[in-house]
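J.: Sequence below, structure please.
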Amino acid sequence: MSTTLYHRGPDSEGSHVDGPVGIAARRLAIIDLAAGDQPIANEDGTVVVVQNGEIYNYRELMHELERAGHRFHTRCDTEVLVHGYEQWGGKLWERLRGMFAVAVRDAREQRLVLARDRFGIKPLYYRLVEGELSFASELDALPRGEIDLDALEAFLAFNVVPGPLSIFKDVRKLLPGQTLTWQDGGATIEAFARTGPLPARHDEDEAELVEECRARLRDSVRAHLIADVPVGVLLSGGVDSGALAALAAEESSGPVRTFSIGFEEASFNELDGARAVAQRYGTMHRELTLRPNAALLLPALADAFDEPFADSSALPTYLVSKLAAEDVKVALSGEGGDELFGGYYTYVADLLAERFGPLAARMRPLADLLPSSTGKVSLDYRLKRFTRAAGLPALERHHAYKEIFSADVRAELTGRRSGFDPLAGYRERFAATEGHELLTRLQDVDFGLYLVDDLLTKTDRASMAWSLEARVPFMDTVVSNFAFSLPVRHKVRGFSKKRLLRKAVEPLLPSEVVHGRKRGFSIPAAAWLRGELEPFARETLSTENLTRQGFFRPAAVHRVLDDHVSGREDLSRQLWGLLSFTLWYERHVEGVTRDVSLTSVAVE
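T.: From the prediction side, this is the model:
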C-alpha cells in the first residue's frame, strides 16, 4: 500500500505494526526536514500517528501542550497530533487549522481513529469488509472490487464521483469534518465540524468589511507560507490566485515563484493577467503554452487520478503542477474563492431566474436554435443552459446549469434506470440551511459538495502526482467564516460578481485583473474535440472498447460525439466524461498502460 502511494511522499516512508494493526506513511518533507519522519509516537509508544497534510497552527498548539507538561522530540506538526490526542482526545480535531487526513493508533483503548479536515482538502478512503478495516489516501492502495453502478450514475450527472461514494462498491470516502473510530470490530462515524452559512452582517459598513476581508486573507496566506522549503503560487491570471500571489510576495522575505499555463486558442489564453501580477511583484515567473495532444494528455490524467474524474481543467492543473514541482515542493492555489465570494456566472443566473424565470423558459425554443460556439463559456452555451433550467425549483435549477447528462440521457447511455437520486446529498445540504438567503444556501451546496468532490480532488491528485503539496488559503476558517457571514449584496448584484472581494484586493492587483472576466485553468475542449482530438475520441469510444467494458451503449455514445462534432450543441463536457471513464477503467481496472510522456504537449 505504501509503495503504491510513493508519489504522495517520495522523501521517506515508515510503518508501525502492532498485532492486528498496521499503519504506514509516505513523507513529503516540508516542516522539520531532519526529524519529522512518520509514524510518530508518544513517549511509551501507546499513541502512534500518521498524517497527510499540514497543521498551520501547530506552533501555538505545541506551546500550549508544552505548558500542560508534554515533551516534544521534534518541531514538526505531526507530533502535535500525538500529544494533542493524548490531551484532548476527540476534541483535538476541531482545534486544528489546516488540511489533514490522519490515522491515530490508540493502543491503550485498542482503537484506531481516522479524521479528515473540515474542508475536505485531503482525501481519505476506507474499506470495511468481513471485520477488516483498510484505509488510504487514494483508491489504488486498496483492493479492487465491483464497480458501484450508483456511483457511475452520479459520475454521469456530475463528471465526478461524489462522497461518500467511491467508484467501487466496498470502498467509501470519509466526508469532510468526520472521524471514523474502529474499536471491537466495528466502526463509528461522527462529525466534528460543518462549515457553512453564519448570521449575515447586514448593518456593517462596507468599507470596514473590505478592510477586514483583506486582513483575513493576509492572515491566511501568512499561515499557509509556513514551511522549511520554498513556497510558490499557481497563478491563473484571475482575482483569487492573483491576490494570493500579491499577499505572498508582501509576506515573503525573498522573491516568490509563480507558475502559469496558457493555450494557443485566444479566448482561453490568460497569460497576460498572470504576467501583469508577476511583473508588479517581481516574482520568479515561469509559464507554459499548451498544445492539444490527447493521445498523451488524457491517458496521463487517467493514470494520475484514482477515480473517474472528468473536470477538463484537471489537465492544465496537472501540467502547471508539473512545472511548479521542478522548482518548489509547496504551492498556493486559489480554490474556494468562487464558492465563498460569489464568483460563478451560475450565481448571476440564480438571481436572474428568481425574477425572470418564467419569461426565460418561454424563450427556450429560440435559444435552442443558436449555433454552438467553441469559445470559453460562450453566450449561446449560457443562454441554452439558462432557458432550459429557468422554470425549475431553485436547487434543481442550480444543478441544471452544470448538469452533465440528464436522467433520460443517462438511461440511454447505460440501459439502466434505478431509484438512485444523484442529487440526494445536494437536497440534504440545501435543506440544512433553511432561513438563509437563497444564494448563500446555493453557495453552501457548492462549497460542501462541488468544491470537495471536484475542485479539491482535482488539485490534490494533479499536484500530488508530481509530489507537489498544494495549499488553499481560501479554505481556512479565518476566511470562510467571514465570507459566510456576508449578505448576498456584497457577493453578487446584477451581473457583478465577487463584489466585496474585488474591492478588497483592488489595491493589490492590476486593474485588468481585478475587473477582468472570470479566469481559471480551463481548456478549449469544445474546439479540440471538433479538431485535433476527434480521431482520438472516436478510437477510444469505439464500439469494440465500449462493448468490452460493458457500461455504455455504443450507439448512444456515438450520437453524443456526432452531435458535438456537427456543431449542433457543445457536448464537450459530456464527451470528456465518457472519455475519462473509459480511459480510467482501461488503466486502473483492465491494467492497460499507454505512453504518457508529456514532452511534446507544452512549450515554455
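
J.: so Arg502 is in which element?
T.: helix 499-505 (DSSP states H and E).

J.: Need the residues that contact that helix.
T.: 206, 209-211, 213-214, 217, 239, 242-243, 246, 337, 341-343, 486, 489-493, 514-515 (C-beta atoms under 8 Å, 6 or more residues apart in numbering). Quick note: C-beta positions are derived from backbone N, CA and C, even for glycine.

J.: My guess is Pro162 contacts Leu152. True?
T.: No. At 11.9 Å, Pro162 does not count as touching Leu152 under the criterion of C-beta atoms under 8 Å.

J.: burial count for Tyr126?
T.: 20 (other C-beta atoms under 10 Å).

J.: what does the model give it for pLDDT?
T.: For Tyr126, the pLDDT comes out at 98.

J.: Does it touch Gln178 like I think?
T.: No. Applying C-beta under 8 Å as the test, Tyr126 and Gln178 come out as separate, 10.5 Å apart.

J.: Quick one: mark the members of the contacts of helix 499-505 that sit in helices.
T.: The helices, defined by DSSP state H, take in 206, 209-211, 213-214, 217, 239, 242-243, 246, 337, 341, 514 from the contacts of helix 499-505.

J.: Can you lay out these as CSV showing pLDDT, neighbour count and distance to Ile147?
T.: Formatted as CSV, the ones in helices among the contacts of helix 499-505 follow (pLDDT from 0 to 100; neighbours: other C-beta atoms under 10 Å; distance: C-beta to C-beta, whole Å):
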residue, pLDDT, neighbour count, distance to Ile147
Glu206, 96, 12, 51
Leu209, 97, 19, 48
Val210, 98, 20, 50
Glu211, 98, 13, 52
Cys213, 98, 22, 45
Arg214, 98, 19, 47
Leu217, 98, 26, 42
Val239, 95, 29, 40
Gly242, 96, 30, 41
Ala243, 97, 28, 41
Ala246, 98, 25, 45
Gly337, 97, 25, 35
Phe341, 97, 27, 38
Val514, 93, 21, 46
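
J.: any idea which of these is closest to Met1?
T.: Gly337 (34.8 Å; C-beta to C-beta).

J.: For that closest one, which non-adjacent residue is closest in space?
T.: Asp240 (3.5 Å; C-beta to C-beta, 6 or more residues apart in numbering).

J.: Just give me the neighbour total for that neighbour.
T.: 27.

J.: Distance check, it against Asp338.
T.: Distance, Asp240 to Asp338, using C-beta to C-beta, to the nearest Å: 7 Å.

J.: try Leu288
T.: From Leu288 to Asp338 the distance is 23 Å (C-beta to C-beta).

J.: and the residue nearest to Gly337, what is it in contact with?
T.: Per C-beta under 8 Å, 6+ apart, neighbours of Asp240: Gly334, Gly336, Gly337, Asp338, Gly343, Phe474.

J.: Please tell me I have it right and the fifth one contacts Lys497.
T.: Yes. With contact defined as C-beta under 8 Å, Gly343 counts as touching Lys497 (5.4 Å).

J.: okay, those two: which has more neighbours?
T.: The neighbour comparison of Gly343 against Lys497 (other C-beta under 10 Å) goes to Gly343, with 25 against 21.

J.: Tell me where the model's unsure across the stretch 101-250 of the chain.
T.: In the predicted model, the stretch 101-250 of the chain carries no residue with pLDDT under 70.

J.: next one: the helix or strand hosting Leu578 to chain centre, how far?
T.: Secondary structure assigned from DSSP H and E places Leu578 in helix 572-588. Centroid separation for helix 572-588 versus its chain: 18 Å, with C-alpha atoms, centre = their mean, to the nearest Å.

J.: Equivalent analysis for stretch 566-585, please.
T.: 20 Å.

J.: Please name the residues that touch the residue sitting nearest the centre point of the chain.
T.: By C-alpha atoms, centre = their mean, the mean C-alpha position of the chain lies nearest to Leu456, the distance being 1.4 Å. Taking C-beta under 8 Å, 6+ apart, we find Leu456 in contact with Phe119, Gly120, Ile121, Glu335, Val472, Met475.
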